[in-house]
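*Asks:* No sequence on hand, only this structure:
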């Protein structure tokens, strides 16, 4: 005597939804990183200085460029924000 397939349909639907959600989240993370694998073990220097500079240069936090000339906007390459009252 076999198991009725109607009893297994909800489990198949749940497993399918978990698989779809995991794949969609993985694809979204891959797209947010510019097609690269996500980084782990970042310290404060990587997040604030290096990745911010890369984001300003290329538009992606993981992007890197080999251009020798800096793009417009890098006349003062200082990531620190200054209050307007001190200018």
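*Replies:* Done, it's in. Quantities reported herein were computed from a predicted structural model and do not represent experimental measurements. Residues are numbered from 1 along each chain as shown.
*Asks:* Sort out which residues of the helix or strand of the chain with the lowest mean pLDDT are buried, please.
*Replies:* Within the chain, confidence by mean pLDDT, DSSP states H and E is lowest for helix 51-58 among all helices and strands, at a mean of 82. Buried residues in helix 51-58, defined by neighbour count with 16 or more other Cβ atoms under 10 Å: 51, 54, 56, 57. Using the backbone N, CA and C atoms, a C-beta is placed for each residue, glycine as well.
*Asks:* thought the second one was touching residue 46?
*Replies:* Okay, so that is residue 54. No. Distance between residue 54 and residue 46: 9.9 Å, which falls outside the contact criterion (Cβ atoms under 8 Å).
*Asks:* circling back to that earlier point, just checking, what packs against the least confident helix or strand of the chain?
*Replies:* Using 3 or more Cβ pairs under 8 Å, 6 or more residues apart in numbering; DSSP states H and E as the contact criterion, helix 51-58 has no neighbours among helices and strands.
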